[in-house]
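>>> Mind folding the following:
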Amino acid sequence: MMQAADFRELYALALKELKQNLPEFNWEPSLAESPSTVNINLQEQDVCQLIDHTALKPETTGAIIEQLCQEAIEHNFYSVCVPPCRVELAAKYLRGQEVKVCTVIGFPHGNASKLVKVTEAVEAAARGAEEVDMVLNLGALKERNLRAVGEEIRAVKEGIGRERILKVILETALLDDVEKILAALIAVKYGADFVKTSTGFAGGGATVEDVRLLRWTVGKDVGVKASGGIRDLETAMAMIRAGASRIGTSSGVRIAGELAAYRGEGMEESGVGSAD
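Presented below is the predicted three-dimensional model:
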């Protein structure tokens, strides 16, 4: 397990690169002295309220979206996360409900042009998306074109407006630790409300270590979304305790069932037939 001293060393390396590449910004030293964790009492905190109930497979149909929305209402999930082409349908099903509509932009590889990402995000917002999860430009990050990474994030945020939430997907499975810190700091500096671990489509998903690293990096005032491979309550709780403030999963119904069983409530389990 990474210690605070190890993190500070990595953070210092990332900060050096940021000061060289983006000197116009004031880059603060790390505030992390110890892990930022979230202690959850399952009897008091409804984990379901942290779940983005997700259906993003290529074969996702309208019927699957309808079922996803029904489950989100039933289990009081925070949002449904659907493909851009299904945003309007999800918004229709959820009209008058508290469940929000989330979608993905530049998904799953992040290598669409800035114009395409902005256009996709603006259209999604117009059709009813209240939250947007965009994949950052991984190639630009790898080659240290950090300004391009940031300006794309800023353009998408400006396109959807301050009233909507922007989460930036870092795809942590494809990054080393310094790159994760770089990506998270750039995302926040350029307007992201959340950083998110993964798409679930790149051969790796959220890990406790990555969630802790991201929470250390962004501090307490920025959201951290853990996504990819979270299929049960135990895993979801591990992510929350590491610092996740939102959980992206297609196994929300299973998690809700396990939570009900933990509380002794009993519940019939169903699902949309897909998993992260």
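>>> What helices and strands are in contact with the helix ranked longest in the chain?
Of all segments of type helix in the chain, defined using DSSP state H, the longest is helix 4-21. If contacts are counted by 3 or more Cβ pairs under 8 Å, 6 or more residues apart in numbering; DSSP states H and E, helix 4-21 sits against helix 146-160, helix 177-189, helix 208-218. Where C-beta positions appear, they are placed from N, C-alpha and C, glycine not excepted.
>>> Return the set of buried residues in the last one.
So the one you mean is helix 208-218. Using 16 or more other Cβ atoms under 10 Å as the burial criterion, the residues of helix 208-218 that qualify are Val208, Asp210, Val211, Arg212, Leu213, Leu214, Arg215, Trp216, Thr217, Val218.
>>> CSV please, covering these and showing distance to Ala91 and pLDDT.
As requested, the buried residues of helix 208-218 are exported to CSV (distance: Cβ to Cβ, whole Å; pLDDT from 0 to 100):
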residue, distance to Ala91, pLDDT
Val208, 34, 97
Asp210, 31, 97
Val211, 30, 97
Arg212, 35, 95
Leu213, 34, 96
Leu214, 29, 96
Arg215, 31, 95
Trp216, 36, 94
Thr217, 33, 95
Val218, 29, 95
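>>> which pair in those residues spans the largest distance?
Val208 and Val218 (16.3 Å; Cβ to Cβ).
>>> Walking through this structure, point out its strands one by one.
For the chain, the strands defined by DSSP state E cover 51-54, 79-82, 100-105, 131-135, 165-169, 194-196, 223-227, 246-249.
>>> Can you give the strand pairings for the fourth one, parallel or anti for each?
Applying DSSP bridges, strand 131-135 is found paired with strand 100-105 (parallel), strand 165-169 (parallel).
>>> Tell me where the model's unsure across the stretch 1-150 of the chain.
The model of the stretch 1-150 of the chain has pLDDT under 70 over residues 31-45.
>>> Grab the nearest non-local neighbour of Ala14.
Counting by Cβ to Cβ, 6 or more residues apart in numbering, the nearest residue to Ala14 once its immediate chain neighbours are dropped is Ile181, at 4.0 Å.
>>> my guess is that neighbour contacts Leu213, does it?
Yes - the pair Ile181 / Leu213 is scored as a contact, 7.2 Å apart, by Cβ atoms under 8 Å.
>>> quick one: contacts for the residue nearest to Ile186 when sequence neighbours are not counted?
Distances taken as Cβ to Cβ, 6+ apart put Gly150 closest to Ile186, at 4.8 Å, once the chain neighbours are dropped. By Cβ atoms under 8 Å, 6 or more residues apart in numbering, the contact list for Gly150 reads Leu22, Ile186, Ala187, Lys189, Tyr190.
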